[in-house]
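> I'd like to go over a predicted model; first the sequence, then the structure.
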Amino acid sequence: MGFLDKLKSLLKPEERSYEDIMQERSKIKNGIVSTLKDAGFTTLEIKEVIVIIEESERKIESLKNEIDSLCKYFDDPTSNIQDLTARVKEIKEEIASETKSIDPKLKDKVQEILDRKQTKS
């Protein structure tokens, strides 16, 4: 299972606890760190890669929080349910897009670092 598949599994609304999700995220990051260390990346170079994951996680978390905040309006009789539903759908699409973009971003960053290392040699 690739990184993207693992991350997608974290976004599924299965009955998983917050702790389970955080442990899985930690395992993924640790696996990436280990792989990069084995490939000879420095701590700073590894941080450059991990920052991409952390930024995506923050964006996804922010979008999920936006969905949570919208959900309270579904019970309000004065709310336009169609607008709320459309916005939730847009947010879910943004989450999916961000999730899909992580893998290429990581590959690009790793390649950028490898190119930099090669240029220094």
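Yep, it's here. Numbers count the residues shown, from 1 in each chain.

> against which helices or strands is the helix or strand harbouring Val110 packed?
Using DSSP states H and E, Val110 sits in helix 81-120. Under the contact definition 3 or more C-beta pairs under 8 Å, 6 or more residues apart in numbering; DSSP states H and E, helix 81-120 sits against helix 3-11, helix 43-71. From N, CA and C alone the C-beta is placed, and that goes for glycine too.

> for Lys109, give its distance to Leu36.
Relative to Leu36, Lys109 is positioned 10 Å away (C-beta to C-beta, to the nearest Å).

> more neighbours: the two, which one.
Leu36 (20 against 17; other C-beta atoms under 10 Å).

> and the closest residue to that one other than its chain neighbours, how far is that from Lys89?
Counting by C-beta to C-beta, 6 or more residues apart in numbering, Leu36 lies nearest to Ile46, which is 4.8 Å off, once chain neighbours are set aside. Counting by C-beta to C-beta, the gap from Ile46 to Lys89 is 36 Å.

> higher neighbour count, the two?
Ile46 (19 against 10).

> and that one, what does it touch?
33, 36-37 (C-beta atoms under 8 Å, 6 or more residues apart in numbering).

> helix, strand or coil for Phe41?
Assigned by DSSP: H, G, I helix; E, B strand; the rest coil, the conformation of Phe41 is coil.

> thought it was touching Arg116?
No. Using C-beta atoms under 8 Å, Phe41 is not in contact with Arg116, being 10.8 Å away.

> more neighbours: the two, which one.
The residue with more neighbours, out of Phe41 and Arg116, is Phe41; 19 against 12, by other C-beta under 10 Å.

> residue contacts, the more buried one?
Counting by C-beta under 8 Å, 6+ apart, Phe41 has contacts 49, 113.

> if I look at it, how far off is Lys107?
Distance from Phe41 to Lys107, by C-beta to C-beta: 14 Å.

> then Glu57?
Taking C-beta to C-beta, one finds Glu57 at 18 Å from Lys107.

> could you report the neighbour count for Ser62?
Applying other C-beta under 10 Å, we find 13 residues neighbouring Ser62.

> and it, how far is that from Leu70?
13 Å.

> same question, Val110
Distance of Val110 to Leu70, given as C-beta to C-beta: 36 Å.
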